[in-house]
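>>> Provide a 3D model corresponding to the input given below.
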Amino acid sequence: MKLEELTKKEQIINFARHDPFLKISDIAENVETTPRYVRTILSEANISLMDLREKYARNMEERLAVKGANLQKATVKLLKDKGEINVGKINLKRVDNLQFRELVKRNPKEELYKIVQTKFVDGAPYSIQEIITYLSSDINEERIADLESLYELFGNKGIEGFKFRNNVVQVERGNPIISSQLSLQDSDPIVKSQRVILIDKMPIGIENYYFDANSIQLVFPGELVV
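The predicted structure is shown next:
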């Protein structure tokens, strides 16, 4: 086969794969050949424009679904968005069951713990994540030191395996402990976000996020109802 014919063949295949909604006649015109030759090349390469169009349409639907889902989520935007982000050590301590009666024990031997981790940008703390949940009584900081996310506390469920309820966001003055952990003065504003973690519709944890109000911007989807 001549080099010119090979080049045309490659052009036909590229046109078909990159824009499957082109007509046979359009591809032929772009490649300066005949529609019959285009059909022959596509047939030999086992390429169906109809199949490519269906695949393209499915991919677009999936992308739009992901984009639509993201538009329904509130996001936290760092005002200083060009720094190195890292996380601090995970701290663990027992808490009083009486304060969190709504939470469900999945195992009678579990005990209630508060797990806390600070997040930094360029070494400066900008948020604290806090999860209160029931865990095995033999849990310790060594066993959870290598977690990439506190959501891994819930095993292989991961963040995709559970839902959230009653996400309440408010601006408040931080208590001395939170303010100190965020390197703030007691009078500096803090954004607090609290929500209930559900697995199989059961409330198994409470998550609190504390942000330095001067370091972040909250972006909410949709209209605001007051």
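>>> hmm, who's touching stretch 175-191?
Contacts of stretch 175-191 with the rest of the structure, by C-beta atoms under 8 Å, 6 or more residues apart in numbering, involve 118, 124-128, 169-174, 210-214, 216, 218. Just so you know, the C-beta spots here come from the backbone N, C-alpha and C atoms, and that holds for glycine as well.
>>> CA atoms only: put that stretch into PDB for me.
Extracted in PDB, the C-alpha atoms of stretch 175-191 (Å, rounded to 0.1, in the frame of the first residue of the first chain):
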ATOM      1  CA  ASN A 175     -13.000  28.500  72.800                       C
ATOM      2  CA  PRO A 176      -9.400  28.800  74.100                       C
ATOM      3  CA  ILE A 177      -8.500  25.200  73.100                       C
ATOM      4  CA  ILE A 178      -9.700  25.500  69.400                       C
ATOM      5  CA  SER A 179      -8.300  29.000  69.100                       C
ATOM      6  CA  SER A 180      -4.900  27.900  70.400                       C
ATOM      7  CA  GLN A 181      -4.800  24.900  68.000                       C
ATOM      8  CA  LEU A 182      -5.600  27.300  65.100                       C
ATOM      9  CA  SER A 183      -3.000  29.800  66.300                       C
ATOM     10  CA  LEU A 184      -5.700  32.400  66.800                       C
ATOM     11  CA  GLN A 185      -6.700  34.900  69.400                       C
ATOM     12  CA  ASP A 186      -9.800  34.100  71.500                       C
ATOM     13  CA  SER A 187     -11.600  37.000  69.800                       C
ATOM     14  CA  ASP A 188     -10.800  35.800  66.200                       C
ATOM     15  CA  PRO A 189     -13.800  34.400  64.300                       C
ATOM     16  CA  ILE A 190     -14.100  30.600  63.600                       C
ATOM     17  CA  VAL A 191     -16.400  28.800  61.200                       C
END
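>>> Tell me how far it lies from the chain's centre.
Averaging C-alpha positions (C-alpha atoms, centre = their mean, to the nearest Å) puts stretch 175-191 27 Å from its chain's average.
>>> start the count at 4, not 1, going forward
Fine by me, first position is 4 from now on; the one you just mentioned is stretch 178-194.
>>> Can you say which of the contacts of stretch 178-194 are buried?
Restricting these to buried positions leaves 121, 128-131, 177, 213-216, 219, with burial counted as 16 or more other C-beta atoms under 10 Å.
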